[in-house]
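>>> could you look at this predicted model? Sequence included:
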Amino acid sequence: KFDIEAFKAQMLDRIKAEVGNREVICGVSGGVDSTVLAVLLAKAGVKVRCIFIDTGMMRLNEAAEVKELFGKVGVPIEQIDASATFLGALKGVTDPEQKRRIIGTLFVEEFWKVADNVELLAQGTLYPDVIESATSGSIASKIKTHHNRVDKIMELKEQGKVLEPLAELFKDEVRALGASLGIPHQALWRHPFPGPGLAVRIPGEITAERVATTQHADAIFIAELRRSGWYERTWQAYAALLPVKTVGVKGDERSYEQAISLRAVISEDAMTADWVELPYSVLRNASNKILNSVKGVNRVLYDISTKPPASIEWE
Ligand code: XMP
């Protein structure tokens with residue numbers, strides 16, 4: 001059986017020895033791997049700068065929640081609000097691949113602005129990632145190229161400037177390590193969130209207003225899943241904003257407003273997924289709350305598509 005305390009002690013020693021007096025830079029997103037990594041580095045007592053880039057396409061209050069989480073575990077983070085840059089660059093863009101490229105490129109630019117003369121870069125690579133990058137051309141490795149500028153990182157690797165302390169671990173071991181580092185349960189059992197954020201859940205043009213609508217509906221759905229005990233029984237769940245308007249009635253008036261599609265899936269590895277048979281009461285509560293409080297929305301749908309042929313995200 002895996003002895004987490006002994007493993008942790010050994011890991012902290014190893015990190016201290018490897019880092020020495022160098023400053024480590026660590027990108028954090030609020031996701032499980034980067035959070036465990038950042039806290040581990042801080043606990044090892046090395047000099048570390050944690051950078052969080054707000055793309056403007058995060059979930060409702062996400063930047064504030066990440067700040068609070070790191071505050072709780074006593075690790076300072078630097079937040080860079082780049083939302084105006086991202087939204088500006090995405091203006092008028094509707095092609096999914098182009099949207100991804102823009103976001104990926106900007107993310108990397110923003111990160112390297114801070115990390116340019118980095119002495120040591122820490123990455124939350126896990127064992128399955130190590131295997132995947134060996135099988136080049138996989139979807140997973142393509143996805144990751146968005147946030148790991150491969151050439152720059154290869155160069156740093158050759159110079160011995162990349163630190164990957166989690167590279168021998170599986171996700172459940174990372175969670176166990178995180179728990180023993182005092183990271184709250186909720187942070188360790190967060191649903192995965194894609195690098196491009198809500199952009200892949202907003203087909204069509206992305207505007208600040210459309211992001212806000214999506215965030216609001218998403219927060220309602222997620223709160224309902226948590227309240228009903230379904231959050232941790234789903235692998236990933238979210239609200240998407242569809243690029244259509246449809247006719248409805250509000251009061252005595254005809255309305256012509258937007259549609260929200262809810263999606264909740266279970267999956268092992270994101271390569272295949274099945275939609276979750278949520279209780280009608282959960283769907284009804286989420287739908288009623290969204291229809292009553294999200295401005296500009298008059299229709300809520302539940303996505304009952306398996307992957308394949310659908311993907312988990314919309315784009
Ligand atoms: P799809 O939509 O391809 O998603 O079925 C599979 C899983 O990958 C996540 N995803 C991404 N993660 N960058 C990421 O870091 C991306 O560009 C990206 N696209 C999809 C998605 O949330 C799901 O968990």
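That came through fine. Numbering: from 1, shown residues only.
>>> which of the helices or strands spans Ala264?
Element membership for Ala264 (DSSP states H and E) is strand 253-267.
>>> A helix includes Leu242, no?
No: using DSSP: H, G, I helix; E, B strand; the rest coil, the secondary structure at Leu242 is strand, not a helix.
>>> tell me who's in contact with the closest residue to it other than its chain neighbours.
Spatial nearest neighbour of Leu242, chain neighbours left out: Ala259 (4.5 Å); criterion: Cβ to Cβ, 6 or more residues apart in numbering. Any C-beta I mention is one placed from the backbone N, CA and C, and that applies to glycine too. Listed by Cβ atoms under 8 Å, 6 or more residues apart in numbering, the contact set of Ala259 reads Leu241, Leu242, Val244, Lys245, Thr246, Val297, Asn298, Arg299, Val300, Leu301.
>>> hey, what's Ala259 bridged with?
Beta-bridge pairing for Ala259 (DSSP bridges): Arg299.
>>> any idea how far Val108 is from it?
Ala259 sits 33 Å away from Val108, going by Cβ to Cβ, to the nearest Å.
>>> just Pro196 next, same as before
Per Cβ to Cβ, Pro196 is found 12 Å from Val108.
>>> give me the three-state assignment for Glu68.
Assignment for Glu68 (three-state DSSP): helix.
>>> all helices of the stretch 1-150 of the chain, in order?
For the stretch 1-150 of the chain, applying DSSP state H, counting those that start in this stretch gives helices covering 4-19, 32-43, 62-72, 83-90, 96-115, 127-134, 139-145, 150-158.
>>> give the other helices and strands that the fifth one contacts.
Counting by 3 or more Cβ pairs under 8 Å, 6 or more residues apart in numbering; DSSP states H and E, the packing neighbours recorded for helix 96-115 are strand 23-27, strand 47-54, strand 77-81, helix 83-90.
>>> want to throw the ones you listed into JSON lines with mean pLDDT and distance to Pro308?
Formatted as JSON lines, the helices and strands packed on helix 96-115 follow (pLDDT from 0 to 100; distance: least, Cβ to Cβ, whole Å):
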{"stretch": "strand 23-27", "mean pLDDT": "96", "distance to Pro308": "31"}
{"stretch": "strand 47-54", "mean pLDDT": "97", "distance to Pro308": "32"}
{"stretch": "strand 77-81", "mean pLDDT": "97", "distance to Pro308": "37"}
{"stretch": "helix 83-90", "mean pLDDT": "98", "distance to Pro308": "28"}
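>>> of these, which approaches Tyr127 most closely?
With Cβ to Cβ as the criterion, Tyr127 lies closest to strand 23-27 of the helices and strands packed on helix 96-115, at 19.0 Å.
>>> tell me what angle the closest one forms with strand 47-54.
20 degrees (axes from the mean of the first three to the mean of the last three Cα atoms, to 10 degrees).
>>> pairing partners for strand 23-27, with directions?
Here, using DSSP bridges, strand 23-27 pairs with strand 47-54 (parallel), strand 120-122 (parallel).
>>> burial measure for the closest residue to Glu205 other than its chain neighbours, as a count.
Counting by Cβ to Cβ, 6+ apart, Glu205 lies nearest to Thr94, which is 5.5 Å off, once chain neighbours are set aside. Thr94 has 13 neighbours, counted by other Cβ atoms under 10 Å.
>>> one more: Gln186?
12.
>>> and what of Lys157?
The local packing of Lys157 (other Cβ under 10 Å) involves 13 other residues.
>>> cool, the one 10 residues further on as well?
Ala167 is surrounded by 13 other residues when neighbours are defined as other Cβ under 10 Å.
>>> can you name the residues that contact the closest residue to it other than its chain neighbours?
Nearest residue to Ala167, sequence neighbours excluded (Cβ to Cβ, 6+ apart): Thr125, at 5.1 Å. With contact set as Cβ under 8 Å, 6+ apart, Thr125 has these partners: Asp33, Glu164, Leu166, Ala167.
>>> weed out the non-buried ones from these.
Listed as buried from the contacts of Thr125 are Asp33, Glu164, Leu166; burial here means 16 or more other Cβ atoms under 10 Å.
>>> need the contact list for the first one.
If you count contacts by Cβ under 8 Å, 6+ apart, Asp33 has them with Gly124, Thr125, Leu126, Leu166, Val174.
>>> ok, it to the ligand distance?
11 Å (Cβ to the nearest ligand atom, to the nearest Å).
>>> the second one now?
For Glu164, the distance to the ligand equals 17 Å [Cβ to the nearest ligand atom].
>>> for the closest residue to that residue other than its chain neighbours, grab phi and psi.
Using Cβ to Cβ, 6+ apart and skipping the chain neighbours, the partner closest in space to Glu164 is Thr125 (4.5 Å). With angles defined as degrees, to the nearest 10, Thr125 sits at phi -70, psi 130.
>>> which residues of the protein lie near the ligand?
100, 143, 146, 192, 194-196, 200, 236, 270, 307, 311-313 (Cβ under 6 Å from any ligand atom).
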